[in-house]
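> can you look at this prediction? I've put the sequence above it.
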Amino acid sequence: MRRSAWWLAAACMVAVGCSSGAESATSSSSTSSTSIAAPTTTSAPTTTSEDTTTTTTTTDPVAEAEAAAAQAVLDKAEAWRSCIADVPTCDIDQALSASTNGESLEALVEVFQVWFDNGWEARPPLNPDHGREEIVEVEVEADGGHAVVTFCQIDGGLLVDPGAAPDGSDVIINDQITSYLSESSVLRDSDGVWRVHDNDVIAEFEGGDGCGDLAT
């Protein structure tokens, strides 16, 4: 098992190996030769040779797995936020299909159905910093197809009943700001895509200051 820390500041981006080629061209030409009896000038054709140097970048499969698992967690959170911002038209299964599966998908579908039945929607947090995830650590199992991603989610989004107030404005159902330290079980599915299959909340903290020492 290999442990690695990932932070959102690094955008949790998948590193892509690069290869570069260097080309150099050399030219040679003959000098003119002269005969006294019959002056003539002959020139040999110019030839160019190309030498190509290829740099091969090796990839670390464990590092790739870490990055892909972390990205699945971030993609799941972003897909969920986008979906609950427009509950009446969002296809929850399709929205989460690229990042979520198993028990995690089933749980979110159930929550979404409650929101749909009540006509609720989400609104962005008043402070943009209160709607984000920070990857703390990724552990890839020895089989290379399972990872546990520890992350801190700061949730300050508003749960509202759209247009339910007498004046037609939204009724706020929940505006609490909470930080969650969670662990997600992320698997590489049969199609090769990493998806979140399960999620457990380890600790909760009131406010939007993050997960404190537990997230370091």
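Thanks, I have it.
> what is the single longest helix found in the chain packed up against?
Criterion DSSP state H: the longest helix present in the chain is helix 61-84. In terms of contacts (3 or more Cβ pairs under 8 Å, 6 or more residues apart in numbering; DSSP states H and E), helix 61-84 is packed against strand 2-4, helix 92-96, helix 102-118, strand 121-123, strand 131-140, strand 146-155, strand 178-188, strand 194-206. All C-beta atoms are positioned from the backbone trio N, CA, C, and that covers glycine.
> to Leu74, which of these lies closest?
Within the helices and strands packed on helix 61-84, the stretch nearest Leu74 is strand 131-140; the backing value is 5.8 Å (Cβ to Cβ).
> got the angle between that closest one and strand 178-188?
On the basis of axes from the mean of the first three to the mean of the last three Cα atoms, to 10 degrees, strand 131-140 is oriented at 40 degrees to strand 178-188.
> convert strand 131-140 to CSV, retaining C-alpha atoms only.
Backbone C-alpha positions of strand 131-140 (Å, rounded to 0.1, in the frame of the first residue of the first chain) are rendered in CSV as follows:
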residue,chain,number,x,y,z
GLY,A,131,-18.5,25.0,-1.3
ARG,A,132,-15.4,23.0,-2.0
GLU,A,133,-13.5,19.8,-1.4
GLU,A,134,-9.9,19.4,-0.3
ILE,A,135,-8.2,16.0,-0.9
VAL,A,136,-6.2,15.0,2.2
GLU,A,137,-4.8,11.6,1.4
VAL,A,138,-5.1,8.8,-1.1
GLU,A,139,-4.2,5.2,-0.3
VAL,A,140,-4.1,2.7,-3.2
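> let's have the helices and strands packed on helix 61-84 in a markdown table, adding mean pLDDT and distance to Thr59.
Conversion of the helices and strands packed on helix 61-84 to a markdown table gives the following (pLDDT from 0 to 100; distance: least, Cβ to Cβ, whole Å):
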| stretch | mean pLDDT | distance to Thr59 |
| --- | --- | --- |
| strand 2-4 | 41 | 15 |
| helix 92-96 | 96 | 28 |
| helix 102-118 | 96 | 28 |
| strand 121-123 | 94 | 38 |
| strand 131-140 | 95 | 14 |
| strand 146-155 | 96 | 17 |
| strand 178-188 | 97 | 15 |
| strand 194-206 | 96 | 16 |
